[in-house]
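*Asks:* I'll drop the sequence and a predicted model, then ask my questions.
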Amino acid sequence: MKRIPRLLAFALTVFLILYSCSTEKEGVEKNLESCYSNTEIQSIFFNGESREYILYIPDSYDGVSTIPLVLNFHGFGES
């Protein structure tokens, strides 16, 4: 009897992982400027390819104090 709940939990987990990896969703706004006024799309040329990245600086940053740098890498989906 314990085997069925475990199998169901495993199947649900696999389904949720695969569902979250799906491609673009309809109706999702991709324009960052509509969400954050302080974002810039930058590009860098590296290893023969042009790469784009998004630079976001919080409104609370004063330009003097140190704040953490957060990097968010995406792969395979090229998003």
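*Replies:* Received it, and whenever you're ready, just let me know what you need. Residues are numbered from 1 along each chain as shown.
*Asks:* which stretches of this protein have low pLDDT?
*Replies:* Scanning the chain for pLDDT under 70 picks out 1-2, 20-36, 75-79.
*Asks:* do you have the helices of it handy? List them.
*Replies:* For the chain, the helices defined by DSSP state H occupy 3-20.
*Asks:* in the sheet, who's paired with residue 53?
*Replies:* Beta-bridge partners for residue 53, by DSSP bridges, are residue 42.
*Asks:* that one reaches residue 46, doesn't it?
*Replies:* No - between residue 53 and residue 46 there is no contact under C-beta atoms under 8 Å: 10.7 Å. Backbone N, C-alpha and C define where each C-beta goes, glycine included.
*Asks:* more crowded one of these two?
*Replies:* Taking residue 53 and residue 46 together and counting by other C-beta atoms under 10 Å, residue 53 has the greater number of neighbours (12 against 8).
*Asks:* ok, that one - contacts?
*Replies:* By C-beta atoms under 8 Å, 6 or more residues apart in numbering, the contact list for residue 53 reads 41-44.
*Asks:* and those residues as a markdown table, adding neighbour count and distance to residue 62?
*Replies:* What follows is the contacts of residue 53, written out as a markdown table (neighbours: other C-beta atoms under 10 Å; distance: C-beta to C-beta, whole Å):
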| residue | neighbour count | distance to residue 62 |
| --- | --- | --- |
| 41 | 10 | 24 |
| 42 | 10 | 22 |
| 43 | 9 | 27 |
| 44 | 9 | 26 |
